[in-house]
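Chemist: after the sequence you'll find the predicted model.
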Amino acid sequence: MSWQTYLNHAANVTTTPVLPTRRDEEWKYVSLQFLGHTDFVKAIATAPATSSSSIPSGAHEIVFVDGVPQVPATDLPFAAELIDRSKAPSAVFQSWFEAFAALKQKTFAAKGFGFEQIDVFEDQNARLWDKALFLQIPDGEVIAQPIVLRFISTSSEGVRAPRIWISASKRSKASIVEVYEGATVLNRLTLPVIEAELADSANLALTRVDRGGEGFSRIGRSRVFLRGNANLESLVFAMGSKLVRDNSDLHLVGENATARLHGLSVAGGDQVIDHHTTVDHVVGHCQTQQLYKSVLSGQSRVVFNGRVIIRHDSQKANSDQLNQSLLLSGTAEVDSKPQLEIWADDVKATHGATVGQMNEDEIFYLASRAIPRPEAESMIRQGFTRDLLMQVTNDSVREWLLTLQTEADQRLLS
Amino acid sequence: MSGEYKYGFVTELETEDVPKGLNEDIIRLISSKKNEPEWMLEQRLKAFRYWQTLEEPHWAMVDYPKIDFQDLRYFSAPKKLPDNPKNLDELDPELLKTFERLGIPLQEQKRISGIAVDVVFDSVSIGQTHTETLEKAGVIFCSISEALHKHPDLVKKYFGSVVPLTDNYYAALNAAVFTDGSFVYVPKGVRCPIDLSTYFRINAQETGQFERTLIVADEGSFVNYLEGCTAPQRDENQLHAAVVELVSLENAEIKYSTVQNWYTGDKNGKGGIYNFVTKRGKCAGKKSKISWTQVESGSAITWKYPSVILQGEASEGAFYSVALTHDYMQADTGTKMIHIGKNTKSTIISKGISADHSVNSYRGQVKILPSAENARNYSQCDSMLVGSNSRANTFPYIEVKNKTAILEHEASTSRISEDQIFYLQSRGLDIESAISMLVNGFCKEVFKELPLEFSVEAVKLIEMKLENSVG
């Protein structure tokens, strides 16, 4: 698919999408009724970008105001190109885009796997974005400082549609952090789409943090292709927002690629957090690991729908999946739907799910050490999820996430 | 696959059929043939009218050509059947021979075995054994048509109470056209003295079998119920859409075991039975128990989820399943455990084995409702792949709405490892016995839940079916 074909396709997308209902298997647990009155038009920024003190230290920051990226003029150790829909993008981007589109098409064309994943929201994203971002990490470049993409919303009308392409070149290493924030006013909808390609032996960490207000909703998709020996480390940390629907798709197209998908949800009030993952072992000898943990209070709801596909030729694939939930209130709800679809015989695939409540013995143990109950409970809650954060390899991102975790835990109580 | 289907023969019998097709007249005809009370006919018509408003479901991981419901015969019965066979000797000798070939000699069984059998041949129940012993204990075990006449109150009270007419597409169809099936009522405090069993046989061509089973265990009673099924080898597909309802009252226990061996279709996937069944039990009373044990080794397509509604306080549900698919078979099977009452417990053990080109999916749901304080669930579903063209899928749905619930789910998929085979071979076993031993070990947790006779049969069945598919 050429760049022009993509734009033509996007121009033909309907302006009045039909939203999925709970009758759709993919939306079984989440009602989108509250979005019924949304106008699918571009949000126009009403205020300039503001700075935030709460990002990892030393980070390169790119701010998206109502979906539109503001690329800083300073020297960056990576290429950041602003793609304008009305202008022809650089030759570098065009040739990368074509190769990527071809790879995508080839992967999706395989019969029997039902990749009908270009859903109504991704289509709307394609129609609505004005300016997109293309990030390219150069060959062999190791970038120690995290690259932070911060998404803020100023307008109370319309829909935000950030669009990002990431090309991690051979043997490069980088850590990209997405932060979604703001919006206490009802119905601010963001529909981000992020696509990435990890070239041979590339190493990429993708961290996504949802800390929006109670009026903020994100329905997003990230799609990552991993070539041989590439490594992906992904973490989705949902601590705020009214609705988070995170679709994380992974296609392992090169042998010996490894990926780790982690998810951490701390939900309270009437928050709804819905994780959908698709891990597609296209070729053999790849390893994937998924671990999603949630802590729920109030009337919140957390969904985990993890789909693992091991294709016919993906012998020696190794895939683990685990979903663990800690229920703190009688009105919260957990829905877990791990799915394994296995077409090859010489593979190892496991999945597990546990749901439970706070362990009284542990509280008693801490009480006997003179730790009062509220503190003991907080320790147990944070201990339950901390292992996920401790595994983040970038030091400054990890430190930042740990402070966010404490913040999320305090919010749970208020 | 060398283990040929030995039940694939056809019995030549004169049959009494209704014309092909499905409409209200056919339903009236079936009802009048069975001399049913008016309320039953009304229910049937209601179900039929509802069924007409439904769309055929397609969400399961199975693939089959569209079924033409007008091209089926909804009633077929052997002609020479006495009106009310009190004695099995009165039956057509051809029929008796059929069941001897199937390994169920009705005559001898009366004397030597300790199991009471109800035999359902195409659309009708042709007789039961051990009726006297059961009568003495007060247990009612008869065909559902007979029960409609002799025990109308019981049937009216429980019929459709677990699987309502409107439950799903095939349940509605069944409620409209069901022809026969078994009815069991175990009175208060009675431990059913012998095991009960129903044997289903499809014989006629172009028919569907729509049987209906209703088992009620009154307070403090216990019953062990077994079910077996076979069909002739035919090139066209035949539909089997049954409904099974179990009701377990306070302190009662029902154990329901199935060895399903319908014709699977030939090596190229031609023919075979479509087994689209709704099975559900309700633990209505305190401390009641229901357990489903199934060995699914037949049918071209199996699509069923034996479920338990855990309504009574401290009630328990269990599901033990071995599903084996080979050649071009497809199975989408599992269970549902709906926890409503306090302190309810459920266990799910599912073992799927897929060989050749088959697709084997486990689909299960565990639902903990807000009222289910201290609910407990343990689920384990393992799949084993034999050969590299088969597929194994797992789709568990876990929905928890109560924080006191404790729930564990685990699943794994693997194949028989070469190391294991090598080890057994080095101990002098040939490859076939090594594999059979490993498969049996894999299924052991389920087999041990089966009654003894079935357990032996199940082991043999699996061995026979897997012959030559490994190597």
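Modeler: Structure received.

Chemist: how about the residues of the stretch 151-300 of chain A by chain B?
Modeler: By the rule CB under 8 Å from any CB of the partner chain, no part of the stretch 151-300 of chain A lies against chain B. C-beta here means a position set from N, CA and C on the backbone, and glycine is covered the same way.

Chemist: what's the nearest residue in the stretch 151-300 of chain A when you look at chain B?
Modeler: Going by CB to the nearest CB, chain B is nearest to residue A:296 of the stretch 151-300 of chain A, at 8.3 Å.

Chemist: so that residue sits against residue A:270, correct?
Modeler: No. Residue A:296 is beyond contact range of residue A:270, at 11.3 Å (criterion: CB atoms under 8 Å).

Chemist: skipping its backbone neighbours, what lies nearest the residue of the stretch 151-300 of chain A closest to chain B in space?
Modeler: Ranked by CB to CB, 6 or more residues apart in numbering or on different chains and with sequence neighbours excluded, the top spatial neighbour of residue A:296 is residue A:332, at 3.8 Å.

Chemist: name all residues that make contact with the one you found.
Modeler: A:267, A:296, A:297, A:298, A:299, A:300, A:301, A:302, B:403 (CB atoms under 8 Å, 6 or more residues apart in numbering or on different chains).

Chemist: give me phi/psi at it?
Modeler: In terms of degrees, to the nearest 10, the main-chain angles of residue A:332 are phi -80, psi 160.

Chemist: what sits closest to residue 343 if chain neighbours are left out?
Modeler: Here I'm looking at chain A. Sequence neighbours aside, residue A:312 is the residue nearest to residue A:343 in space, at 4.4 Å (criterion: CB to CB, 6+ apart).

Chemist: if you could check chain B rather than the one you did, that'd help
Modeler: Nearest to residue B:343 is residue B:314, by CB to CB, 6+ apart, at 4.4 Å.

Chemist: and residue A:61, bridged to which residues?
Modeler: Applying DSSP bridges to residue A:61 gives these bridge partners: residue A:148.

Chemist: close to chain A: what parts of the stretch 351-471 of chain B are there?
Modeler: Counting by CB under 8 Å from any CB, the stretch 351-471 of chain B sits next to chain A at B:370, B:383, B:385-415.

Chemist: restricted to strands, list those.
Modeler: Cross-referencing those against strands under DSSP state E gives B:383, B:385-386, B:391-400, B:406-415.

Chemist: least trustworthy helix or strand in chain B by mean pLDDT?
Modeler: Ranked by mean pLDDT, DSSP states H and E, the weakest helix or strand in chain B is helix B:106-112, scoring a mean of 50.

Chemist: quick one: name whatever helix or strand follows it.
Modeler: Going down the chain from helix B:106-112, the next helix or strand is strand B:115-121, by DSSP states H and E.

Chemist: ok, that next one: who's next to it in the sheet?
Modeler: Its sheet considered, strand B:115-121 pairs with strand B:124-128 (antiparallel), strand B:195-201 (parallel) by DSSP bridges.

Chemist: gap between the residue sitting nearest the centre point of chain B and chain A?
Modeler: Central residue of chain B (CA atoms, centre = their mean): residue B:258, 5.4 Å from the mean position. Using CB to the nearest CB, to the nearest Å, residue B:258 is found at 25 Å from chain A.

Chemist: one step back: so for residue A:296 and residue A:270, which sits in the more crowded spot?
Modeler: Neighbour count, other CB atoms under 10 Å in any protein chain shown: between residue A:296 and residue A:270, residue A:296 has more, with 27 against 14.

Chemist: so what's that one bridging to?
Modeler: residue A:267, residue A:327.

Chemist: returning to that earlier point: now which of the contacts of residue A:332 would you call buried?
Modeler: A:267, A:296, A:297, A:299, A:300, A:301, A:302, B:403 (16 or more other CB atoms under 10 Å in any protein chain shown).

Chemist: and the helices in chain A, which stretches?
Modeler: A:3-11, A:91-109, A:120-128, A:360-368, A:373-390, A:395-413 (DSSP state H).
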